[in-house]
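Below are the sequence and a predicted model; questions follow.
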Amino acid sequence: MNIAWVSSSLPYLPARGGFKLYGANLISILSRRHRVDLISLIHKQDEQYVGWAHQYCDLVKLVPRHNLGVARRVANCASGYFWGKYLNYRRPLQDILNDGYRSKRWDIVHVEGGFTGGLMPVNSPIPMVLSLHDAESLRAQEMLRCTLDVGQTLTYTVRKYYEPRYGRLVYPRFERCTVVADRDATFNRALVPTAKFMVVPYGTDTAYFRPIPAAKEKFALVFHGHLGYAPNCQAAMEFALQVFPLVRRQVPDAVFHLIGADPAEAIRALGASPGFRLSPDLDDLRSALGSGQVYVCAIRYGTGMKNKILEAMAMQLPIVCYPAAIVGIDCVPGKHLLVAQSPQQFAEHVLELLRRPELAADIAHAGRRLVEERYSWESRARAYEEIYETVIDERRVHTSEHDPSVVLERA
């Protein structure tokens, strides 16, 4: 197949961030069997990673993202709400797409991100698949359950009401829309019954995230992620204030080690407190993560899948978490990890793993096997190949001939 991959941000590895990570892992595998052309919006800070894309893609076309004035942002938002068509970056993206349509270069267009979906033509001459990752309106609702500043509260309140209308306008334009968890698919199906949703979960690079010979720090409890993201901040603070004191009563030398990018001020303050450690903005977090005896994830809110759980499993760490952390992951509590219903039970599970190294080892090995068997990126790529083949066949059967040389839309 010849695949056009249209992304809201430049995919590359290693990277943090859903669309970069998800797209890069899939492209690296799909490019072994198919021709992939990358068309991507790009932030200035990612320009140094363009070389990664050239390793895997036959063609790389980039549309720079800029800081836009208030008037343009408002107009863009209004156009998206009323017509499901974003204005900013539309012209250069359409010019690239029209060149590909004229040359009959592609069999399928894969679009990463709901924002990018609003930049695509309303009627495409070739089938399109939209990868959303999670349900945006549901995500806004979940974010509003977290502790947010005034600006964030306003942003997610607006998105809570904005996204349903936008989704109803945009999602039906695509032959399929994918999300990473059943909960998001169920929500979106009720919201936009005219669109077709499928679930393709996250994968994990088990060659990169693997057990490594890192020295284990005695009684170290680890957690990683973007530490400026509200659900992660809330999880870290909740564990620190509600669970960790219960652990320290029994194990005074326990340490809570936070690992991740862009820590919020509250996380920085926490990292400077006795019994806590902060490792911010590491180029490679695996050694720090691997030094922990137990991985703790007190996340209660959010959408999609928590790939941090898959990464911790891949690194063969025993895990304790709340139920929200394993939504979308086909795991068995008690076998692959321990799931708590309350801060008291969370502390009990952590103490049990610290005191029973044989149990911790059994759970850690079971988690690693689960990721290897069910969450490889190869299996995710195969899932997308099946979707592509299905929608290509559907288009051939159900649509009349269309001349791809016709310019469908101008900005």
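Thanks, I have the structure now.

just the strands in this protein please.
Using DSSP state E, the strands of the chain run over 2-7, 35-42, 59-64, 108-112, 128-133, 176-179, 197-199, 220-224, 255-260, 276-280, 294-297, 319-321, 338-339.

Packing partners of the second one?
With contacts taken as 3 or more Cβ pairs under 8 Å, 6 or more residues apart in numbering; DSSP states H and E, strand 35-42 sits against strand 2-7, helix 18-30, helix 50-56, strand 59-64, helix 90-102. Any C-beta I mention is one placed from the backbone N, CA and C, and that applies to glycine too.

Redo these as JSON lines? Include mean neighbour count, distance to residue 185 and mean pLDDT.
Formatted as JSON lines, these follow (neighbours: other Cβ atoms under 10 Å; distance: least, Cβ to Cβ, whole Å; pLDDT from 0 to 100):
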{"stretch": "strand 2-7", "mean neighbour count": "24", "distance to residue 185": "21", "mean pLDDT": "98"}
{"stretch": "helix 18-30", "mean neighbour count": "23", "distance to residue 185": "16", "mean pLDDT": "93"}
{"stretch": "helix 50-56", "mean neighbour count": "16", "distance to residue 185": "29", "mean pLDDT": "97"}
{"stretch": "strand 59-64", "mean neighbour count": "16", "distance to residue 185": "30", "mean pLDDT": "97"}
{"stretch": "helix 90-102", "mean neighbour count": "18", "distance to residue 185": "27", "mean pLDDT": "95"}
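
Could I get those in TSV, plus columns for distance to residue 257?
Listed next are the helices and strands packed on strand 35-42 as TSV, based on distance: least, Cβ to Cβ, whole Å:
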stretch	distance to residue 257
strand 2-7	33
helix 18-30	22
helix 50-56	30
strand 59-64	38
helix 90-102	42
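
on that earlier part again, output the strands of the chain in JSON lines, with distance to residue 50 appended to each entry.
Formatted as JSON lines, those follow (distance: least, Cβ to Cβ, whole Å):
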{"stretch": "strand 2-7", "distance to residue 50": "13"}
{"stretch": "strand 35-42", "distance to residue 50": "8"}
{"stretch": "strand 59-64", "distance to residue 50": "7"}
{"stretch": "strand 108-112", "distance to residue 50": "17"}
{"stretch": "strand 128-133", "distance to residue 50": "21"}
{"stretch": "strand 176-179", "distance to residue 50": "26"}
{"stretch": "strand 197-199", "distance to residue 50": "31"}
{"stretch": "strand 220-224", "distance to residue 50": "27"}
{"stretch": "strand 255-260", "distance to residue 50": "25"}
{"stretch": "strand 276-280", "distance to residue 50": "26"}
{"stretch": "strand 294-297", "distance to residue 50": "34"}
{"stretch": "strand 319-321", "distance to residue 50": "36"}
{"stretch": "strand 338-339", "distance to residue 50": "42"}
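
nearest to residue 158, of those strands?
Closest approach to residue 158 among the strands of the chain is made by strand 128-133 (18.8 Å; Cβ to Cβ).

Report the buried residues of the closest one.
128, 129, 130, 131, 132, 133 (16 or more other Cβ atoms under 10 Å).

Counting neighbours, what do you get for the nearest residue to the third one once chain neighbours are set aside?
Going back to what we said before, that points to residue 130. Among residues not flanking residue 130 along the chain, residue 174 sits closest, at 4.2 Å (Cβ to Cβ, 6 or more residues apart in numbering). Neighbour count for residue 174, taken as other Cβ atoms under 10 Å: 22.

again with residue 217
Neighbours of residue 217 using other Cβ under 10 Å come to 16.

right, and it touches residue 288 too?
No - judged on Cβ atoms under 8 Å, residue 217 makes no contact with residue 288 at a distance of 9.7 Å.

show me what contacts the nearest residue to residue 390 once chain neighbours are set aside?
Nearest residue to residue 390 in three dimensions, chain neighbours excluded: residue 176, at 7.9 Å (Cβ to Cβ, 6+ apart). By Cβ atoms under 8 Å, 6 or more residues apart in numbering, the contact set of residue 176 is 129, 130, 196, 197, 198, 387, 390, 391.

Tell me how far the fourth one lies from residue 171.
Same thing as residue 197. 8 Å (Cβ to Cβ, to the nearest Å).

Pull up the overlap in contacts between those two.
177, 188.

circling back to that earlier point, of the contacts of residue 176, which is the most crowded?
Neighbour max across those (other Cβ under 10 Å) = residue 130, 25 neighbours.

Can you say which of the helices and strands packed on strand 35-42 is nearest to residue 344?
Of all the helices and strands packed on strand 35-42, helix 18-30 comes closest under Cβ to Cβ, at 33.0 Å.

which residues are in contact with the closest one?
3, 5, 7-13, 15, 36, 38, 46, 52-53, 56-57, 112-113, 131, 133, 202-203, 205, 304, 307, 377-378, 380-381, 384-385.

And those residues, which of them are buried?
Buried, going by 16+ other Cβ under 10 Å: 3, 5, 7-13, 15, 36, 38, 46, 52-53, 56-57, 112-113, 131, 133, 202-203, 205, 304, 307, 377, 380-381, 384-385, out of those.

Compute the number of surrounding residues for residue 186.
Counted with other Cβ under 10 Å, residue 186 comes out at 15.

And it, how close does it get to residue 138?
From residue 186 to residue 138 the distance is 10 Å (Cβ to Cβ).

Could you do residue 21 as well?
Taking Cβ to Cβ, one finds residue 21 at 21 Å from residue 138.

ok, now residue 364?
Taking Cβ to Cβ, one finds residue 364 at 32 Å from residue 138.

Looking at the two, which one has more neighbours?
residue 364 (24 against 21).

Quick check: that one touching residue 314?
No - counting by Cβ under 8 Å, residue 314 is not a contact partner of residue 364; they are 10.5 Å apart.

Return every residue with contacts to both of the two.
Counting by Cβ under 8 Å, 6+ apart, nothing touches both residue 364 and residue 314.

Sketch out the low-pLDDT regions of the stretch 251-400 of the chain for me.
399-400 (pLDDT under 70).

mind giving me the domain split of this structure?
Split into domains by automatic domain parsing, the chain comes to 2-203+376-398, 220-374.

Now tabulate those in a markdown table and tack on distance to residue 209.
Below are the domains of the chain laid out as a markdown table (distance: least, Cβ to Cβ, whole Å):
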| stretch | distance to residue 209 |
| --- | --- |
| domain 2-203+376-398 | 10 |
| domain 220-374 | 4 |
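
circling back: what is the residue nearest to residue 390 paired to in the beta sheet?
Beta-bridge pairing of residue 176 under DSSP bridges involves residue 129.
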